[in-house]
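A.B. asks: Return a 3D structure for these sequence lines:
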Amino acid sequence: MDRDRTLAHLSDDDWRSPDASSTQLYRDLCALRDLPVGQLTPTSLHLLVTHQVGLDVTALLALEEVERDPLRSVSLYPGDLLAALLRVDHSFWADHPALLARMSALLDRLRTLPDGDWHLLVSAADQFPG
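C.D. replies: Numbering: from 1, shown residues only. Below is the predicted model of the structure:
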């Protein structure tokens, strides 16, 4: 993936430009879609993944972040980016077996940790398709 390209260029979806009637959330998501994906921050990825925008790209980038530090707080609470990935529709993971395998391996590693911050994510991880 060319990280100098924007999410708008890398995704197949077509969005209309925001106008005066657009919500702030829509304007924010549109602005993030126009950034080179290499400039997306973990907080930006959290917002995009939470709203399931450009998952072919954003889920991969978010997974790279959580593989480095799964319980890092990027927006709301420890492990929030991982939690956003866990809430992605199961059909996405079924269509992306390599990403599913990486997520499953990450969750297997986390399950060996003692209770603590990870405990907050246990119920979501138990619903994960991998």
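A.B. asks: C-alpha from now on. contacts and neighbour counts both.
C.D. replies: Noted.
A.B. asks: what's the distance between the most far-flung residue of the chain relative to its centre and residue 66?
C.D. replies: When distances are taken from the C-alpha mean of the chain, residue 20 lies farthest, 28.1 Å away, according to C-alpha atoms, centre = their mean. Counting by C-alpha to C-alpha, to the nearest Å, the gap from residue 20 to residue 66 is 36 Å.
A.B. asks: now swap in residue 14 and tell me
C.D. replies: 28 Å.
A.B. asks: more neighbours, these two?
C.D. replies: Applying other C-alpha atoms under 10 Å to residue 14 and residue 66 shows that residue 66 carries more neighbours, namely 20 against 8.
A.B. asks: just for the chain, where's the confidence low?
C.D. replies: Applying pLDDT under 70 to the chain picks out residues 114-128, 130.
A.B. asks: For the residue positioned nearest the centre of it, give me its contacts.
C.D. replies: Centroid check for the chain by C-alpha atoms, centre = their mean gives residue 49 as the closest residue, at 3.6 Å. Contacts for residue 49 (C-alpha atoms under 8 Å, 6 or more residues apart in numbering) come out as 55, 58, 59, 62, 84, 85, 88.
A.B. asks: And the buried ones among these, selectable in PyMOL?
C.D. replies: The buried residues among these can be selected in PyMOL (16 or more other C-alpha atoms under 10 Å) with this line:
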select buried, resi 55+58+59+62+84+85+88
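A.B. asks: So which of the contacts of residue 49 sit within strands?
C.D. replies: Among the contacts of residue 49, the subset assigned to strands under DSSP state E is empty.
A.B. asks: out of the contacts of residue 49, who's nearest residue 43?
C.D. replies: Nearest to residue 43, judged by C-alpha to C-alpha, of these is residue 62 at 9.6 Å.
A.B. asks: The closest residue to the closest one other than its chain neighbours is in what secondary structure piece?
C.D. replies: In space, residue 62 comes closest to residue 45 once its chain neighbours are excluded; the distance is 6.0 Å by C-alpha to C-alpha, 6 or more residues apart in numbering. Here residue 45, judged by DSSP states H and E, is contained in helix 42-50.
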